[in-house]
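>>> curious how this folds, go ahead:
(one chain, ligands or ions: 1)
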Amino acid sequence: MKTQAEADPSGSSQAQSTEQVSESVAPAPVVTAEEAQTAARSGAEVYRAACFACHETGVARAPRLGNNEDWSYRVNYGMDTMYRSALKGRAGMPAKGGHPELSDDEVRSAVDYMVGQLK
Ligand code: HEC
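A predicted model of the protein is given here:
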């Protein structure tokens, strides 16, 4: 949006002060419940923060990100099994990848993200 001051390079101080006033009375942005939910960390963000350390390179035989061979038989177990493994822990993986501060939904979205990287 062009402000009046920009449209008129001579820039009357009148136009500027009007602009300032209208900005100061602009309503504060309202965050709806829906927006607050999408503000929860995305699967990709959770992955980078909590899962990357093992799943990027396959530490302790962790299935590697985007590696179909590592994942194929696990994917066959179904998403529910994989969610449960990620939430409760399994073999070399602690519950929630060792990040109890993550919500269950964040962990599930990280699993979705990881599975989504397979081709
Ligand atoms: C300390 C290393 C480590 C971290 C951190 C880690 N994982 Fe794992 N993960 C593993 C290992 C090792 C396995 C393979 C376990 C096995 O032998 O089945 C695994 C397996 C999995 C599986 C497959 C489970 C199955 O049922 O086959 C999923 C899904 C998974 N991890 C998700 C996650 C998510 C999501 C995170 C981050 C919140 C995470 N992991 C963090 C080590 C880790």
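>>> residues from this protein in reach of the ligand?
46, 50-51, 53-55, 59-63, 74, 77, 81-82, 85-86, 90-93, 96-99, 107, 110-111 (C-beta under 6 Å from any ligand atom). (Each C-beta comes from the backbone N, C-alpha and C, glycine too.)
>>> out of those, which are buried?
For the residues of the chain next to the ligand, a burial check counting by 16 or more other C-beta atoms under 10 Å picks out 46, 50-51, 54-55, 62-63, 82, 85-86, 93, 96-97, 107, 110-111.
>>> helices of the chain, start to end?
Counting by DSSP state H, one finds helices in the chain at the ranges 4-7, 13-24, 33-38, 43-46, 52-55, 68-77, 79-88, 104-116.
>>> which residues sit against the longest one?
By C-beta atoms under 8 Å, 6 or more residues apart in numbering, the residues outside helix 104-116 that reach it are 40-44, 46-47, 50-51, 55, 63, 65, 71, 75, 79, 82-83, 86-87, 96-97, 102.
>>> 7 Å - rerun?
Applying C-beta atoms under 7 Å, 6 or more residues apart in numbering, the contact partners of helix 104-116 are 40-44, 46-47, 50-51, 55, 65, 75, 82-83, 86-87, 96.
>>> likewise for stretch 47-56?
If you take C-beta under 7 Å, 6+ apart as the criterion, stretch 47-56 is touched by 59-60, 62-65, 97, 99, 102, 110, 113-114.
>>> filter those residues down to the ones in strands?
Among the contacts of stretch 47-56, no member falls in strands (DSSP state E).
>>> can you put these in CSV and add pLDDT?
Listed next are those as CSV, based on pLDDT from 0 to 100:
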residue, pLDDT
V59, 95
A60, 93
A62, 97
P63, 98
R64, 98
L65, 97
G97, 97
H99, 97
L102, 96
A110, 98
Y113, 97
M114, 97
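>>> any idea how far apart the tips of stretch 43-63 sit?
Using C-alpha to C-alpha, to the nearest Å, one end of stretch 43-63 lies 17 Å from the other.
>>> torsion angles phi and psi at G66?
phi 80, psi 10 (degrees, to the nearest 10).
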